[in-house]
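K.L.:
What follows is a predicted structure for the sequence shown.
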Amino acid sequence: MKDIFSLKGRVALVTGGSRGIGAMIVQGLLEHGCSRVYITARKAMQCDAAAKELSMYGECISIPGDISTQAGIEKLAGEIAQREERLDILVNNAGLETSTAFAVEDEREIRTVARVNLEVPMLLTRHALPGMIARNSGHIVFVSSLAGTAGFPGMSVYGATKAGILNFVNGLSRELKSTKVNITVLSPGPVDTGMWDVIEDKTSTIRNVVKRFQRLQLIPTADPVKLAIRTVDAVAANKPFVRDPKRLSLNFWLNHAPTRIANFAI
Ligand code: NAP
């Protein structure tokens, strides 16, 4: 039985907290009593405006910047370290989609997506983790995707990064097993945000695949508000997974089966 993790008085960082799922998670964290939530995003005006709007739920501070660069990561980590004695919750939410056939994918985009979706969550975790381990308290959220458990045409780069997150967490969870630093992985199918609008708008193979799945009613589009509520509840309850849609639970369960076997053996 896992301990609960009271959110009262916690300090959190939500990357990509300016809109979509991230902004909803910020709202949920503040509503559950976090004392301060920092958000970051590249578009400074949107980031500042979101922080102002989210401040109706509690203290939300904008630190705009591009976390795909080393300078951006250091600025973010440095500014928080200057203001706070500790960071209790890290939500690695910022992400970029790809929905282009790989043969014509832009090389720079491949690197940026791989960096923002996979490398940056690892680097920010590397910054936050020593303090959490020293205090024996903390929670880290990662955002994977249904596309991290199965391959979709046009989403090979995106899917690779999201699968990478899942396996990174599999290893890290084992390292943290004897601590009170816990992890939640959010793995949704389509979510009704700007990112999904971009994918749906593409006149490519991905669009036909999505339509087929939707006809089979396999991947309904999730409400970001409901998903954020489930995620914040999972943080407070120290639950390791938030998976959506629930009707694809078997898919997620099968995908995690090798890790369960390894965990049993180790
Ligand atoms: P979204 O609406 O596009 O929001 C993405 C957020 O990330 C924005 O705040 C964006 O702000 C920020 N961001 C992107 N690149 C950044 C960078 N280099 N530095 C700093 N901030 C950056 O996306 P969403 O749908 O809420 O997605 C949130 C997470 O859920 C992502 O990890 C995504 O992969 C995952 N997910 C989404 C879906 C879906 O269907 N929507 C499904 C499964 C998983 P700026 O543009 O201003 O930088």
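P.N.:
That came through, no problem.
K.L.:
for Asn170, what are its contacts?
P.N.:
Neighbouring residues of Asn170 by Cβ atoms under 8 Å, 6 or more residues apart in numbering: 259, 262. For every residue, glycine as well, the C-beta is placed using N, CA and C.
K.L.:
How about the residues of this protein by the ligand?
P.N.:
Counting by Cβ under 6 Å from any ligand atom, the chain comes close to the ligand at 15-16, 18-22, 40-43, 46, 66-68, 93-96, 116, 143, 145, 188, 190-191, 193-196.
K.L.:
The residue in the stretch 51-200 of the chain that the ligand sits nearest to - nearest residue in space that isn't next to it in sequence?
P.N.:
In the stretch 51-200 of the chain, the residue that lies nearest the ligand is Gly95 (2.3 Å; Cβ to the nearest ligand atom). The spatial neighbour of Gly95 that comes closest, neighbours along the chain excluded (Cβ to Cβ, 6 or more residues apart in numbering), is Asn117 at 5.1 Å.
K.L.:
wouldn't that neighbour be in contact with Gly159 here?
P.N.:
No. Counting by Cβ atoms under 8 Å, Asn117 does not reach Gly159; the two are 10.1 Å apart.
K.L.:
Can you pick out the residue with more neighbours from the two?
P.N.:
Here Asn117 and Gly159 are set side by side on neighbour count (other Cβ atoms under 10 Å), and the busier one is Asn117, at 27 against 21.
K.L.:
Against Thr40, how distant is that one?
P.N.:
From Asn117 over to Thr40 the distance is 15 Å, taken as Cβ to Cβ, to the nearest Å.
K.L.:
Check Ser178 too.
P.N.:
31 Å.
K.L.:
who's more crowded, those two?
P.N.:
Set Ser178 next to Thr40 and count neighbours by other Cβ under 10 Å: Thr40 wins out with 29 against 8.
K.L.:
thought that one was touching Leu13?
P.N.:
Yes. The criterion here is Cβ under 8 Å, and Thr40 meets it with Leu13 at 7.3 Å.
K.L.:
If anything else comes up later, I'll come back, but that's it for now.
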